[in-house]
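Asks: need coordinates for the below:
(one chain, ligands or ions: 1)
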Amino acid sequence: MEWRKILERRTVRFFEQKMPQEPDLRAMLEAARTAASASNAQVLRYMVIRTPDLSEKIFHCSAFAGRVKPRRNPVWGKNAALTYMAILAPEGKGEADAGAAIQSMMFAAWERGLGCCWIGAFDHAEADRLLTPPAGLHVRYLLAVGYPAELLPVREDIPANGDPGYYLDDEDRLHVPKFTVNALTVWK
Ligand SMILES: Cc1cc2nc3c(=O)[nH]c(=O)nc-3n(C[C@H](O)[C@H](O)[C@H](O)COP(=O)(O)O)c2cc1C
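Replies: All right, here's what the predicted structure looks like:
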């Protein structure tokens, strides 16, 4: 993958009502399983949710784009993702592994024309109840996956004193401010 593609990836929250293809989902899982892992212990497990009834329930326990509510809140049956990945981890473990795995999954998806929304704001007890992970594991994160159905968000580079809050413009396009390298980095 050409590394600059990494810079172009943006979170997508509105999706076409078309299922992602299984080979693309498998590519995401390949990216996840080969991601960096503390001590290479590989404590994470994955679940692919694409049964309409279960996807709908998972969607309803998730929260989207709190900063621009309700303009980037998807609606089930209209523009909500039909497919979700659940990232399962043992209680209190695998947090950094999950970050590495999810970022890799999102890049694999983006390269295939799929967008993702990493979901940390969900009803954890309800997700565990709905998905019944194997013993000792919990749903740590969800990832909505699908074909983007929104004007792709644009990155804005901001200085150290800039406001990192994402916002929607008059055309309903999301702007995502990112601090520049100079704003974030000390070289010694
Ligand atoms: C740990 C984590 C949790 C997140 N949880 C949510 C979420 O619950 N709902 C949501 O809409 N976006 C969520 N996001 C997506 C962020 O809002 C998004 O990454 C951020 O606005 C920057 O946009 P970008 O991904 O396009 O760079 C989450 C991202 C991370 C890293």
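Asks: can you map out the helices along the chain?
Replies: Applying DSSP state H to the chain gives helices spanning 5-8, 22-33, 52-60, 95-111, 124-131, 181-184.
Asks: ok and the lengthiest strand in the chain relative to helix 52-60, angle-wise?
Replies: In the chain, with assignment by DSSP state E, the single longest strand is strand 137-146. Strand 137-146 and helix 52-60 are oriented at 100 degrees to each other (axes from the mean of the first three to the mean of the last three Cα atoms, to 10 degrees).
Asks: strand 137-146 pairs with which strands?
Replies: Looking at strand 137-146 with DSSP bridges, its partner strands are strand 83-90 (antiparallel), strand 115-119 (antiparallel).
Asks: pretty sure residue 73 contacts residue 65?
Replies: Yes. Judged on Cβ atoms under 8 Å, residue 73 makes contact with residue 65 at a distance of 6.4 Å. Every residue, glycine included, has its C-beta placed from N, CA and C.
Asks: anything in contact with each of the two?
Replies: Counting by Cβ atoms under 8 Å, 6 or more residues apart in numbering, the shared contacts of residue 73 and residue 65 are residue 13.
Asks: the more surrounded of the two?
Replies: Between residue 73 and residue 65, residue 65 has the larger neighbour count (other Cβ atoms under 10 Å), namely 19 against 15.
Asks: average pLDDT for stretch 12-22?
Replies: Mean pLDDT, computed over stretch 12-22, is 98.
Asks: tell me the contacts of the most centrally placed residue in the chain?
Replies: Centroid check for the chain by Cα atoms, centre = their mean gives residue 118 as the closest residue, at 2.2 Å. By Cβ under 8 Å, 6+ apart, residue 118 lies in contact with 11, 102, 106, 141, 142, 143.
Asks: not counting its neighbours along the chain, what's nearest the first one?
Replies: Counting by Cβ to Cβ, 6 or more residues apart in numbering, the nearest residue to residue 11 once its immediate chain neighbours are dropped is residue 117, at 5.3 Å.
Asks: dig out what that neighbour forms beta bridges with.
Replies: The partner residues for residue 117, given DSSP bridges, come to residue 144.
Asks: that one: how many residues sit nearby?
Replies: A count of nearby residues for residue 117, using other Cβ under 10 Å, gives 22.
Asks: now stretch 22-42 - C-alpha only, PDB.
Replies: Extracted C-alpha coordinates of stretch 22-42, given in PDB (Å, rounded to 0.1, in the frame of the first residue of the first chain):
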ATOM      1  CA  GLU A  22     -16.600 -11.200   2.100                       C
ATOM      2  CA  PRO A  23     -13.100 -11.100   0.500                       C
ATOM      3  CA  ASP A  24     -12.800  -7.400   1.600                       C
ATOM      4  CA  LEU A  25     -13.900  -8.300   5.100                       C
ATOM      5  CA  ARG A  26     -11.300 -11.100   5.100                       C
ATOM      6  CA  ALA A  27      -8.600  -8.700   4.000                       C
ATOM      7  CA  MET A  28      -9.500  -6.500   7.000                       C
ATOM      8  CA  LEU A  29      -9.200  -9.600   9.300                       C
ATOM      9  CA  GLU A  30      -5.800 -10.500   7.700                       C
ATOM     10  CA  ALA A  31      -4.600  -7.000   8.500                       C
ATOM     11  CA  ALA A  32      -5.900  -7.300  12.100                       C
ATOM     12  CA  ARG A  33      -4.300 -10.700  12.800                       C
ATOM     13  CA  THR A  34      -0.900  -9.600  11.600                       C
ATOM     14  CA  ALA A  35      -0.900  -6.200  13.400                       C
ATOM     15  CA  ALA A  36       1.600  -5.500  16.200                       C
ATOM     16  CA  SER A  37       0.700  -7.200  19.500                       C
ATOM     17  CA  ALA A  38       2.200  -6.800  23.000                       C
ATOM     18  CA  SER A  39       4.500  -9.800  23.600                       C
ATOM     19  CA  ASN A  40       2.900 -11.200  20.400                       C
ATOM     20  CA  ALA A  41       0.300 -12.700  22.800                       C
ATOM     21  CA  GLN A  42      -2.500 -12.000  20.300                       C
END
